[in-house]
Every structure is written in C-alpha cells, then in structure tokens.
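Q: Build me a structure from this.
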Amino acid sequence: MNIVLSRHGNTFGPNDPVVWAGSTNDLPLVESGFIQAENFARALIDQGVKPAAIYCSPLKRTNQYAEVIVKKLGLHFQPKIDIRIHEIDYGDWAGLTNEQVIAQFGEAALKNWDEHCQWPDIGNWGGSPSKLISEVQSFVDDLVQRHDDHDTVIVITSNGRLRYFLNLVPDEFQKRVQGHTFKVRTGHICGLTCHDHSVQIRYWNVEPIRAIKI
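A: Numbering: from 1, shown residues only. Down below sits the predicted model:
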C-alpha cells in the first residue's frame, strides 16, 4: 500500500501573526492554503494517481484541504475523519506567537521542542509522545486491514502529528531529529509504502510537483 501523508496548507496570510495552532484552535485555510491544495490535486492528476480513500483530522484546515482534492479529482467519496491523526493539543501555548511562548515558558522549552522534538513539561500540553505513537500505529494498522496492497491512500494532517509517523520505521525518528529533518512544511507531502506491516519511507517533506513519483 502506498500512503501519501500531507500537511495541510497555509492558515496565515502575509500580514497575520503566526501563532501556535493545535487541536484546540480550529483555523481555516487562507487563500494560499487553497492554492497549495490545488497544486497537490494537480500533481495527483498529472501522475494518474486515483486514491482509494482520503483521511483527515477533525480540523477545518485539513477538511478544507481534503475537499479541494476530492473536487479537483472528481472523486465519488468524502474524506474520512479520524481522531488518531488529530493535531497535538498545545495547551497554554495555543494561540501564542513564539515570542509570547518564550516570555511565558522560557526559550529552552521552545528550542527543545522546535529543534530536538522534546516534549515540554511546562504549558499543559495534552497527551504524550507515547500516546501519539500508539495512535499512529493503530491508524496505519487499520489502513492495512482496510485497503489492498496496490491502493494509494492520502492522509492529511498537521506538522506536530506528522513527525510521529517516522516512528513506524525503526530508528528513523531519532535519525531525523538528530539531522533536523523531521518537520514537514505546509502543503508538502511524505511518501510511505506499507507491505506486510513493514513500512518504508520513500520521500519526506517534498512539494507535490517535485515528487519523483507520488
């Protein structure tokens, strides 16, 4: 099975303050975010990719992104919402700029998460890394049961959640944290193959138009 992970498009315009947007602040896509969705859809069309299903989180920004793809590809099904690919609950950090996070919780907490993916012990974040890892594994296990080996499924989620898909491959999460290559930019995609419950990463954090083969 071919799994295409996508981060949703932009939720901030050129003049908007960029704040921490987790599971508790349900921001819509801005104009450039819809354009990113259209670019992804165009890449799928150009490569002749017809997904068997599209999954997204309960958030408006992932729903809107998924709906653009459904419409552009002329698909006859709706995106499936799954709580296991919901964004992280950033607790008291939600709605704050980086500068405000530093002022309230300290620069070290922000840097440790941003650069080393270390879960902060300050700011009342919801859940835990182990919970996210377990949810991702459960979600992918269900995909394997639900879909055929030759299927392509699209999963649209958010940057905080996406990095935990790296744990599906032994040592991949730690390697990418050390190399600072674990993040996924808005509108970018990651390609996984899953066969007999073994997962491989084909590409990570690429623009759809630049992916060699989606």
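Q: Quick check: next helix or strand after the biggest helix by length in the chain?
A: Taking DSSP state H as the criterion, the chain has its longest helix at helix 129-146. Using DSSP states H and E, the helix or strand that follows helix 129-146 towards the C-terminus is strand 152-157.
Q: That next one versus helix 129-146: what angle between them?
A: 150 degrees (axes from the mean of the first three to the mean of the last three Cα atoms, to 10 degrees).
Q: Who are the packing partners of the next helix or strand after strand 152-157?
A: Where DSSP H and E defines the elements, the next helix or strand beyond strand 152-157 is helix 159-162. With contacts taken as 3 or more Cβ pairs under 8 Å, 6 or more residues apart in numbering; DSSP states H and E, helix 159-162 sits against strand 2-7. C-beta here means a position set from N, CA and C on the backbone, and glycine is covered the same way.
Q: Show me what the strand it packs on packs onto, helices and strands only.
A: Contacts defined by 3+ Cβ pairs under 8 Å, 6+ apart place strand 2-7 against strand 152-157, helix 159-162, strand 189-195.
Q: what does stretch 93-100 contact?
A: 17-22, 24-25, 101, 104-105, 110, 120, 123, 125 (Cβ atoms under 8 Å, 6 or more residues apart in numbering).
Q: Next up, identify which helix or strand the residue of the chain most remote from its centre is on.
A: Going by Cα atoms, centre = their mean, the residue of the chain most distant from its centre is Ala103, 27.8 Å out. For Ala103, the element it lies in under DSSP H and E is helix 98-105.
Q: Which residues belonging to that helix are considered buried?
A: Residues of helix 98-105 classed as buried by neighbour count (16 or more other Cβ atoms under 10 Å): Val101, Phe105.
Q: Now do it: distance to the chain's middle.
A: Distance of helix 98-105 from its chain centroid, counting by Cα atoms, centre = their mean, to the nearest Å, is 24 Å.
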